[in-house]
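1. heads up, no residue letters with this:
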Ligand code: ATP
Ligand code: MG
């Protein structure tokens with residue numbers, strides 16, 4: 001059977017739309033009967049995408065590997081954060097190698113590496129293991145140069161304006 005080639009995509013930058021773009025890709029793929037596995041790093045909170053994925057199961061599967069609450073700048077990440085992120089990367093690797101998923105999204109993985117919650121080398125090892133037909137998407141601010149060098153597509157969401165500056169917090173259905 002003819003298998004389409006997969007590529008490595010990165011959505012980074014400070015502007016809104018990184019996670020939304022990745023979810024849009026999963027939605028589009030679902031329409032063509034392609035399955036997507038999504039690991040969300042750093043997050044452990046109810047989101048619209050989790051509810052939507054339930055409605056599209058088994059075409060989209062989302063798992064979260066963060067801790068509730070924020071990692072504060074002062075305290076930094078703890079062992080629990082590192083352990084959960086490591087588990088997430090292992091799950092994503094399994095999904096990628098299972099042959100069940102055409103698309104694998106590592107949401108906020110760039111940020112997790114930037115915060116030293118995940119070793120950069122471990123993510124590069126996952127990139128090395130990518131089967132040719134799997135589309136791999138890495139999202140989050142501060143994509144490391146080593147990821148950018150290895151990617152086939154890199155989009156930077158550039159903030160021109162964001163209502164966050166006006167004090168608008170994440171809204172259900174729009175940001176979460
Ligand atoms: P989206 O999920 O809407 O596509 P994104 O994935 O591009 O956004 P992230 O960096 O993952 O963006 O997270 C943005 C979230 O963090 C928003 O929900 C917002 O409420 C919050 N946030 C915190 N600080 C900022 C900031 N300086 N600019 C924009 N958003 C911010
Ligand atoms: Mg995001």
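-> Nice, I can see it. Being a predicted model, the structure only gives us computed values, none of them experimental. Ligands and ions are numbered 1, 2, ... in the order given.

2. what does the model give residue 8 for pLDDT?
-> Model confidence at residue 8, expressed as pLDDT, equals 98.

3. what sits against it?
-> 127, 130, 136, 137, 138, 150, 151, 152, 153 (CB atoms under 8 Å, 6 or more residues apart in numbering). Where C-beta positions appear, they are placed from N, C-alpha and C, glycine not excepted.

4. Where is the longest helix in the protein?
-> helix 79-97 (DSSP state H).

5. Helices along the chain, start to end?
-> 18-31, 48-56, 79-97, 109-114, 120-128, 145-150.

6. can you redo the ones you listed as JSON lines with mean neighbour count and mean pLDDT?
-> Rendered in JSON lines, the data for those read as follows (neighbours: other CB atoms under 10 Å; pLDDT from 0 to 100):
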{"stretch": "helix 18-31", "mean neighbour count": "18", "mean pLDDT": "98"}
{"stretch": "helix 48-56", "mean neighbour count": "15", "mean pLDDT": "97"}
{"stretch": "helix 79-97", "mean neighbour count": "17", "mean pLDDT": "96"}
{"stretch": "helix 109-114", "mean neighbour count": "24", "mean pLDDT": "98"}
{"stretch": "helix 120-128", "mean neighbour count": "15", "mean pLDDT": "98"}
{"stretch": "helix 145-150", "mean neighbour count": "14", "mean pLDDT": "98"}
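
7. picking that back up, would you mind pulling up the elements that the longest helix of the chain packs against?
-> strand 36-42, strand 60-66, strand 103-107, helix 120-128 (3 or more CB pairs under 8 Å, 6 or more residues apart in numbering; DSSP states H and E).

8. For the last one, which outside residues touch it?
-> It refers to helix 120-128. Residues contacting helix 120-128 (CB under 8 Å, 6+ apart): 8, 86, 89, 92-93, 96, 106, 109, 113, 136, 138, 144, 146-147, 150.

9. Kindly present the helices and strands packed on helix 79-97 as TSV, with separate columns for distance to ligand 2.
-> Formatted as TSV, those follow (distance: least, CB to the ion, whole Å):
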stretch	distance to ligand 2
strand 36-42	9
strand 60-66	12
strand 103-107	6
helix 120-128	16
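
10. Would you tell me which of the ones you listed gets closest to residue 52?
-> Judged by CB to CB, the one of the helices and strands packed on helix 79-97 that comes nearest to residue 52 is strand 60-66, at 7.5 Å.

11. so the longest helix of the chain versus strand 60-66, what angle?
-> Calculated by axes from the mean of the first three to the mean of the last three CA atoms, to 10 degrees, helix 79-97 forms an angle of 160 degrees with strand 60-66.
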